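>>> Quick one, fold the following:
(2 chains)
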Amino acid sequence: DVKVTQSSRYLVKRTGEKVFLECVQDMDHENMFWYRQDPGLGLRLIYFSYDVKMKEKGDIPEGYSVSREKKERFSLILESASTNQTSMYLCASERSLNEQFFGPGTRLTVL
Amino acid sequence: AQTVTQSQPEMSVQEAETVTLSCTYDTSESDYYLFWYKQPPSRQMILVIRQEAYKQQNATENRFSVNFQKAAKSFSLKISDSQLGDAAMYFCAYYTSGTYKYIFGTGTRLKVLA
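Now for the predicted structure:
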C-alpha cells in the first residue's frame, strides 16, 4: 500500500516564525501536492510538483514556498507565519491512474 | 475556469438505508476525470470511486455507485445499505489530464444514524 506521511499531526507556531511541513511518500510517485483544508472552502491547492526540483503554483500560493530535493519528499514552507495560515494542511501524491493518496494532515495553529 | 459545487453541506441517513450525495461541475473540456473522496473523522482521505468522462457506464464499487450525467455536468454518489463506518466528509473532485490540478468541492458531511 502507498504510504504518505506528514511530519506532524498538530503544530502550534507564533506569528512571524518560519514553519516547515514535511511530506514523504514511499511509492516513487512523480507528482506531489500541498493543499489547505478549511471549513466551507474544501481543499485548495497551494503548490504541486511533477518532478524533483520542479514546482508549480496552485490556486493560493501567496505566503508559501515549497522544496522538492528528493523524489519522495515534498516540503511546504511558511516563510513568516500569520494567523490566517491557521488551517489543516494535506499532502498528497499521485500515481499514473490519476488517484491521489493523502497523508494524515497537519493541523497548524498560528498564534 | 472549472468549478465543482456540492450544494449539500450536511446529510443524514439511517443505517441500512440509501443516500445520494450531489455534485455538479462546470467545464469546457471533453476529457476529464471525476472522483469521490471520503475523509473519516481524524483519518486520512481515501478514494471512494472514479469516473472517466469518456465512459458512458456509471462506475460502481461495492455499495458505492455514481450517476454520471455528462450533458448535465452532474456526478452524484449513491451509498447503498449505509453503515456507521460511512460517516465522513465526502469530497467531489475534478481533474483534467495535463494540468496536474485537481479541483475539489466544499464537501458534504454525512451522518449515519443507528
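>>> pLDDT of stretch B:20-29, averaged?
Average pLDDT, stretch B:20-29: 94.
>>> repeat for stretch A:81-90
Regarding stretch A:81-90, the rounded mean pLDDT is 97.
>>> Look up how far residue A:87 lies from residue A:16.
Per Cβ to Cβ, to the nearest Å, residue A:16 is found 17 Å from residue A:87. No exception for glycine: its C-beta is placed from N, CA and C like everyone else's.
>>> The two: which is more packed in?
Using other Cβ atoms under 10 Å in any protein chain shown as the criterion, residue A:16 and residue A:87 rank with residue A:87 on top: 20 against 10.
>>> residues in contact with that one?
The contact partners of residue A:87, by Cβ atoms under 8 Å, 6 or more residues apart in numbering or on different chains, come to A:36-38, A:107-108.
>>> TSV please, covering these and showing secondary structure, distance to residue A:68 and pLDDT.
Output for the contacts of residue A:87, formatted as TSV (DSSP: H, G, I helix; E, B strand; the rest coil; distance: Cβ to Cβ, whole Å; pLDDT from 0 to 100):
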residue	secondary structure	distance to residue A:68	pLDDT
A:36	strand	18	97
A:37	strand	21	96
A:38	strand	24	95
A:107	strand	23	96
A:108	strand	20	97
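>>> And these, which is closest to chain B?
residue A:37 (8.5 Å; Cβ to the nearest Cβ).
>>> rewinding a little: what subset of the contacts of residue A:87 is buried?
Neighbour-count burial (16 or more other Cβ atoms under 10 Å in any protein chain shown) applied to the contacts of residue A:87 gives A:36-37, A:107-108.
>>> Give the bridge partners for the residue most central in space within chain A, please.
Centroid check for chain A by Cα atoms, centre = their mean gives residue A:34 as the closest residue, at 3.1 Å. As for beta bridges, residue A:34 partners with residue A:47, residue A:91 under DSSP bridges.
>>> Surely it touches residue A:43?
No - applying Cβ atoms under 8 Å, one finds residue A:34 not in contact with residue A:43, separated by 10.2 Å.
>>> How about the residues of chain A by chain B?
A:4, A:31, A:33, A:35, A:40-45, A:48, A:50, A:56, A:58, A:90, A:97-100, A:102-105 (Cβ under 8 Å from any Cβ of the partner chain).
>>> Which parts of chain B are strands?
Secondary structure of chain B (DSSP state E): strands at B:3-5, B:10-14, B:19-21, B:24-26, B:33-39, B:46-52, B:60-61, B:64-69, B:74-79, B:88-95, B:102-104, B:108-113.
>>> Quick one: low-confidence residue ranges for the chain.
Since you didn't name a chain, this refers to chain A. In the predicted model of chain A, residues A:1-2, A:96-97 satisfy pLDDT under 70.
>>> Please refer instead to chain B.
For chain B, the stretches flagged by pLDDT under 70 are B:98.
>>> Test my guess that residue B:53 contacts residue B:35.
No - Residue B:53 is beyond contact range of residue B:35, at 11.7 Å (criterion: Cβ under 8 Å).
>>> Which residue would you name as the spatial centre of chain B?
Residue closest to the average C-alpha location in chain B (Cα atoms, centre = their mean): residue B:36, at 3.2 Å.
>>> what are the bridge partners for that residue, then?
For residue B:36, the beta-bridge partners are residue B:49, residue B:92 (DSSP bridges).
>>> that older thread, filter the residues of chain A next to chain B down to the buried ones, PyMOL style.
A single PyMOL command suffices to select whichever of those are buried according to 16+ other Cβ under 10 Å:
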select buried, chain A and resi 4+31+33+35+42+43+45+48+58+90+98+99+100+102+103+104+105
